[in-house]
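Enquirer: Below are the sequence and a predicted model for it; my questions follow.
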Amino acid sequence: MTPVLIVLGVLFALVVILALWVAGIYNSLVSLRNRFKNAFAQIDVQLKRRYDLIPNLVEVAKGYMKHESTTLEAVIKARNIALAASQSAAANPADANAVKGLLSAESGLTGALSRLMVVSEQYPDLKANQNMMQLTEELTSTENKVSFARQAYNDCVMTYNTARETFPNVVFAGMFSFLPAELFKIDDPTERNAPKVQFT
């Protein structure tokens, strides 16, 4: 073999090794991105369940809270806004703005539900209604499931963001359009608690 062929063979081997290394980085980032998207899908399932429970809750409350139509309408409006934001975020969980929009909408819905629960405390017959008790129990259970799904999602996002920000991945992450993912967090500490839906 001539020295030129040896040099070309070594260069070719280095190019192949470099290509395989970059492909490995790309594949690991894809895997981590898909993992956090799947984790968001689990949140989305629970949020949809929650959104489906709210109209039933409002319908039961309507019969007892005839003078509280503003509160009931606010809950339905907040639910519809949150549902639309959830659908937008579910379409692309990697879109940080869509996730931020969902967080904002969820904050509004939590506030509206809290106001509904405070007002409903003034109606003893409503508190004793079997349907209302069952719906509030299901809503509480769903809130817990959302919390667990959110924690799993945030863990996946943290792993993904850490992987894309470490060297040498950071060099290729921007090149291959691996954008940072948004954590599903609540900025207002008063909203960290699930709305109180237990009737005593």
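Expert: On my side now, so go ahead. Residues are numbered from 1 along each chain as shown.
Enquirer: Can you pull the poorly scored residue ranges out of this protein?
Expert: 1, 186-200 (pLDDT under 70).
Enquirer: those helices in it, which residues are they?
Expert: 3-62, 69-91, 96-120, 124-128, 130-165, 169-175 (DSSP state H).
Enquirer: Need the contact partners of the last one.
Expert: Applying Cβ atoms under 8 Å, 6 or more residues apart in numbering, the set of residues contacting helix 169-175 from outside is Val22, Ile25, Tyr26, Ser28, Leu29, Ala163, Arg164, Glu165, Phe178. Using the backbone N, CA and C atoms, a C-beta is placed for each residue, glycine as well.
Enquirer: Out of the helices of the chain, the one nearest Glu182 is which?
Expert: Among the helices of the chain, helix 96-120 comes nearest to Glu182, with 4.0 Å by Cβ to Cβ.
Enquirer: What residues sit buried inside that closest one?
Expert: 98-99, 101-103, 105-117, 119-120 (16 or more other Cβ atoms under 10 Å).
Enquirer: for stretch 14-24, same thing?
Expert: Buried residues in stretch 14-24 (16+ other Cβ under 10 Å): none.
Enquirer: so how far is it from its chain's centroid?
Expert: 35 Å (Cα atoms, centre = their mean, to the nearest Å).
Enquirer: What are the contacting residues of it?
Expert: Counting by Cβ under 8 Å, 6+ apart, Phe172 sit against stretch 14-24.
Enquirer: Format the helices of the chain as TSV; extra columns: distance to Phe184.
Expert: Shown next, in TSV, are the helices of the chain (distance: least, Cβ to Cβ, whole Å):
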stretch	distance to Phe184
helix 3-62	7
helix 69-91	9
helix 96-120	7
helix 124-128	32
helix 130-165	5
helix 169-175	21
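Enquirer: most packed of those?
Expert: The highest mean neighbour count among these, using mean count of other Cβ atoms under 10 Å, belongs to helix 96-120: a mean of 19.
Enquirer: Which neighbouring elements make contact with that one?
Expert: Packing partners of helix 96-120 (3 or more Cβ pairs under 8 Å, 6 or more residues apart in numbering; DSSP states H and E): helix 3-62, helix 69-91.
Enquirer: repeat that with 10 Å
Expert: Identification of packing neighbours for helix 96-120 by 3 or more Cβ pairs under 10 Å, 6 or more residues apart in numbering; DSSP states H and E yields helix 3-62, helix 69-91, helix 124-128, helix 130-165.
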